[in-house]
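Peer 1: What follows is a protein structure lacking sequence information:
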């Protein structure tokens with residue numbers, strides 16, 4: 001995970017946190033599963049260099065055999081769970097991602113899905129807003145390709161403390177919001193935000 005984050009230009013402190021964890025875990029005197037069984041996630045938080053977010057990632061790996069963040073960084077899947085940021089923050093990260101992707105200023109990864117040639121074509125952004133980490137990339141799902149929206153729909157993965165969550169920012173094709181960048185499922189909040197910012201909905 002540290003290597004992939006480093007290659008993708010993530011925050012160096014985040015990269016180092018994963019490296020520190022990779023050094024800590026093999027030196028423990030008992031298995032992680034035993035720590036979880038007796039002390040839960042609190043037991044992981046007490047380990048040297050293991051913070052809140054890392055504790056939840058380790059818990060996911062130990063209990064499911066999967067590390068969703070690693071899968072996503074490789075261009076495979078998604079992950080879950082955190083508090084939702086404000087609409088304006090999500091839209092600003094979306095704006096930054098699309099602008100930098102268009103300008104060719106982002107590193108590219110080779111997604112495993114819908115990429116038979118193995119080409120590194122998918123731009124990825126790592127960013128930090130206050131205590132929240134973001135990773136942004138265009139949607140590489142069957143539905144996005146079928147709707148010809150793979151270069152429009154932007155998936156944002158974000159986390160702070162208790163893990164990570166995701167949302168999708170799209171250009172609305174409906175009614176009064178047509179042509180506006182919105183967070184799917186939070187359209188009502190966008191209307192409120194636009195009214196507060198005096199941004200015309202139509």
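Peer 2: Received the coordinates, thanks. None of these values were measured; they are calculated from a predicted model.

Peer 1: Low-confidence ranges, the chain, go.
Peer 2: 7-8, 68-69, 71-83, 160-164, 196-202 (pLDDT under 70).

Peer 1: Which strand residues bridge the residue positioned nearest the centre of it?
Peer 2: The chain has residue 157 as the residue nearest its centroid, 2.0 Å off, counting by Cα atoms, centre = their mean. Beta-bridge pairing for residue 157 (DSSP bridges): residue 135, residue 166.

Peer 1: how far away is it from residue 166?
Peer 2: Distance of residue 157 to residue 166, given as Cβ to Cβ, to the nearest Å: 5 Å. Any C-beta I mention is one placed from the backbone N, CA and C, and that applies to glycine too.

Peer 1: what's the answer for residue 34, then?
Peer 2: In terms of Cβ to Cβ, residue 34 sits 31 Å off from residue 166.

Peer 1: doesn't residue 106 make contact with residue 120?
Peer 2: No - contact criterion Cβ atoms under 8 Å: residue 120 and residue 106 do not qualify, at 11.1 Å.

Peer 1: Which one's more surrounded, those two?
Peer 2: Neighbours per residue (other Cβ atoms under 10 Å) separate residue 120 from residue 106, with residue 106 holding more: 21 against 14.

Peer 1: can you pull the contacts of that one?
Peer 2: Residue 106 sits next to 9, 97, 100, 123-125 when contact means Cβ atoms under 8 Å, 6 or more residues apart in numbering.

Peer 1: Check residue 159 too.
Peer 2: Contacts of residue 159 by Cβ under 8 Å, 6+ apart are 53, 82, 132-133, 165.

Peer 1: before we move on, the earlier item: the more surrounded of residue 34 and residue 166?
Peer 2: Between residue 34 and residue 166, residue 166 has the larger neighbour count (other Cβ under 10 Å), namely 17 against 13.
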